[in-house]
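Colleague: Prediction below, plus the sequence it came from.
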Amino acid sequence: MSASLRDHPAPALLSPGAATALLEAYRPATDRFLASPRHTLLGRGSAAGIPHGTSPLAHRVRDVLDALRRPDAPPPVVMGSLPFAPDAPPALAVPDMVHWAPPLREDPLIALPVPRDEHRPDWRVREVPSPERYGEAVATAVARMRAGEFDKVVLARTLELASSREPDLPAMLRWLARRDPDGYSFAVPSGPGRTLIGASPELLVSRRGNLLTANPLAGSTPRSTDLAEDVRRAAALLESPKDLHEHAVVVTAVQEALAPFCTRLKVPTRPTLVRTAALWHLSTTVTGELRDPDVTALDLASALHPTPAVCGTPTDVARAVIAASEPFDRGPYTGMVGWQDADGDGEWVVTIRCAEAEGRTLRLFAGAGIVAESTPEAETAETAAKFRTFLHAVGAGL
């Protein structure tokens, strides 16, 4: 095995090009790839899976990782995804080996262009629900909120893409990772014959020693190719009462969920902006110090999930509205994807800007946060903007 691909507990010691090497080495079905602004991981094979059960997931993960600890070896790592539904089985495994590298953004080779596939699938696209039906669901939810039934709900729709041949998942992952090397790219098995692939802008929570970081995003607007218009849209987002309210609801929920775990929790009073290739987002970076060193990254992620950014508030009411409004099973969408080691350190990302591949099909997901000030037209346009990342990656369009 080359030096750039070797298992190593200290990513900073690897040579330039290591992150790109891991990206290029990814193979579907057997590999798990995760990239963040902190590091790049590639897991190969499966030494153990995480069983489904009634005990807390964080406890089951801890038991498996502790059983796999070996003296004088780096702590074992679990990688994979968790679904939106709390009672659905996890798609988590401990790889036989995990290769580490620095962040993709620090790798000079990541700037090299990705060769375009001249023989891309000829996709047939079906919208579920249709834009008209989605707009009706938004209008119904807004009417109920204005009547005081609940405060917010996140409603999603999907694009079902079918082709005569299977998509090139490694090429798709390379395109997504290179398009946004500051984000969170991933490709992991999500079930028998299925792969979850995407590039999320949103960190749910990370733990490193006794320090935690969460980065909730809520409130967004599409980017513009015209620089002056793009700047205007960003400035307008920072002053939008509707988007600031939507964002504040999420930040308050994150603060309330994390406060019991912390001796100190820092929450900025005003959001900042985060940009992706397609959207501007309102962003707040929450940091804290853990009270109990035994609390793991997955303990924290489980306490946060689902935030109002992907579900709504109150949570139980929002879940019921989602179940009644969305004519599909979300599966891994709006769950979380990431990793954790046996010491409790890890990163969990909100599973958005993603697709699930199975054979010759892709299912793309996009949602919008609905509040009382929302309009069907604006929220439908927001989901269309969120679809663009993947539509460009696969060479399809609406």
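Modeller: All right, it came through fine.

Colleague: what's the residue nearest the centre of the chain sitting at in phi/psi?
Modeller: The centroid of the chain falls nearest to residue 351 when counting by C-alpha atoms, centre = their mean (2.8 Å). Per-residue torsions, residue 351: phi -80, psi 80 (degrees, to the nearest 10).

Colleague: So residue 289 versus residue 377, what's the distance?
Modeller: Here residue 289 is placed at a distance of 44 Å from residue 377 (C-beta to C-beta, to the nearest Å). Yep, even glycine has a C-beta here, placed from its N, CA and C like the rest.

Colleague: So which of these two has more stuff around it?
Modeller: Neighbours per residue, other C-beta atoms under 10 Å: of residue 289 and residue 377, the larger number sits with residue 289, 14 against 11.

Colleague: The stretch 151-300 of the chain: helices as residue ranges?
Modeller: Using DSSP state H, counting those that start in this stretch, the helices assigned to the stretch 151-300 of the chain run over residues 169-179, 227-239, 241-258, 297-304.

Colleague: Which among these is found nearest to residue 66?
Modeller: Proximity to residue 66, assessed across the helices of the stretch 151-300 of the chain by C-beta to C-beta, is greatest for helix 297-304 (13.5 Å).

Colleague: Just the angle for the closest one relative to helix 241-258, thanks.
Modeller: With axes from the mean of the first three to the mean of the last three C-alpha atoms, to 10 degrees defining the directions, helix 297-304 sits at 130 degrees from helix 241-258.

Colleague: who touches helix 297-304?
Modeller: For helix 297-304, contacts defined as C-beta atoms under 8 Å, 6 or more residues apart in numbering pick out 56-58, 61, 204-207, 212, 214, 254, 257-258, 261, 336, 338, 340, 344-348.

Colleague: And for stretch 141-156?
Modeller: 134, 137-138, 246, 249, 308-314, 317-318, 321-322, 325-326, 330, 333-334, 365-372, 374-376, 379, 383.

Colleague: from those residues, which would you call buried?
Modeller: Taking 16 or more other C-beta atoms under 10 Å as the criterion, what is buried in the contacts of stretch 141-156 is 134, 137-138, 246, 249, 308-313, 317-318, 321-322, 325-326, 330, 333-334, 365-372, 374, 376, 379, 383.

Colleague: So which of those belong to strands?
Modeller: When DSSP state E defines the strands, the subset of the buried ones among the contacts of stretch 141-156 inside them is 312, 313, 365, 366, 367, 368, 369, 370.

Colleague: Make TSV out of the residues you listed and add pLDDT and distance to residue 23.
Modeller: Shown next, in TSV, are these (pLDDT from 0 to 100; distance: C-beta to C-beta, whole Å):
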residue	pLDDT	distance to residue 23
312	93	35
313	92	37
365	95	23
366	94	24
367	95	27
368	92	30
369	91	32
370	93	36
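
Colleague: which one of those sits closest to residue 157?
Modeller: For those, the nearest to residue 157 is residue 366 (6.5 Å; C-beta to C-beta).

Colleague: ok, now which ones touch that closest one?
Modeller: Residue 366 touches 156, 157, 158, 159, 352, 353, 382, 383, 384, 386, 387, counting by C-beta under 8 Å, 6+ apart.

Colleague: Mind pulling up the pLDDT for the spatially closest residue to the third one that is not a sequence neighbour?
Modeller: To tie it back to what came earlier, the one meant is residue 158. Using C-beta to C-beta, 6 or more residues apart in numbering and skipping the chain neighbours, the partner closest in space to residue 158 is residue 128 (4.9 Å). Residue 128 carries a pLDDT value of 95.

Colleague: is it true that residue 128 touches residue 157?
Modeller: Yes: counting by C-beta atoms under 8 Å, residue 128 touches residue 157, with 6.5 Å between them.

Colleague: quick one: low-confidence ranges for this structure?
Modeller: 1-16, 114-120, 396-398 (pLDDT under 70).

Colleague: circling back: generate a ChimeraX selection restricted to the buried subset of the contacts of helix 297-304.
Modeller: Buried residues among those (16+ other C-beta under 10 Å), as a ChimeraX selection:
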select :57,58,61,204,205,206,207,212,214,254,257,258,261,336,338,340,344,345,346,347,348
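
Colleague: Quickly name whichever of the ones in strands among the buried ones among the contacts of stretch 141-156 is closest to residue 198.
Modeller: For those, the nearest to residue 198 is residue 365 (8.8 Å; C-beta to C-beta).

Colleague: give the contact list for the closest one.
Modeller: Applying C-beta under 8 Å, 6+ apart, the residues near residue 365 are 156, 157, 158, 330, 333, 334, 352, 354, 355, 356.

Colleague: show me the residues around the last one that make contact.
Modeller: Taking C-beta under 8 Å, 6+ apart as the definition of contact, the neighbours of residue 356 are 190, 194, 195, 196, 197, 331, 332, 333, 362, 363, 365.

Colleague: can you check the fourth one too?
Modeller: With contacts defined as C-beta under 8 Å, 6+ apart, the neighbours of residue 330 are 83, 84, 85, 156, 322, 365.

Colleague: what about 6 Å?
Modeller: Applying C-beta atoms under 6 Å, 6 or more residues apart in numbering to residue 330 gives the contacts residue 84.

Colleague: That one and residue 211: what is the separation?
Modeller: From residue 330 to residue 211 the distance is 31 Å (C-beta to C-beta).

Colleague: Also the last one?
Modeller: If you measure residue 356 against residue 211 using C-beta to C-beta, the figure is 33 Å.

Colleague: who does residue 313 bridge with?
Modeller: residue 152 (DSSP bridges).

Colleague: which residues touch it?
Modeller: 151, 152, 249.

Colleague: and with 7 Å instead?
Modeller: Contacts for residue 313 (C-beta atoms under 7 Å, 6 or more residues apart in numbering) come out as 150, 151, 152, 249, 253.
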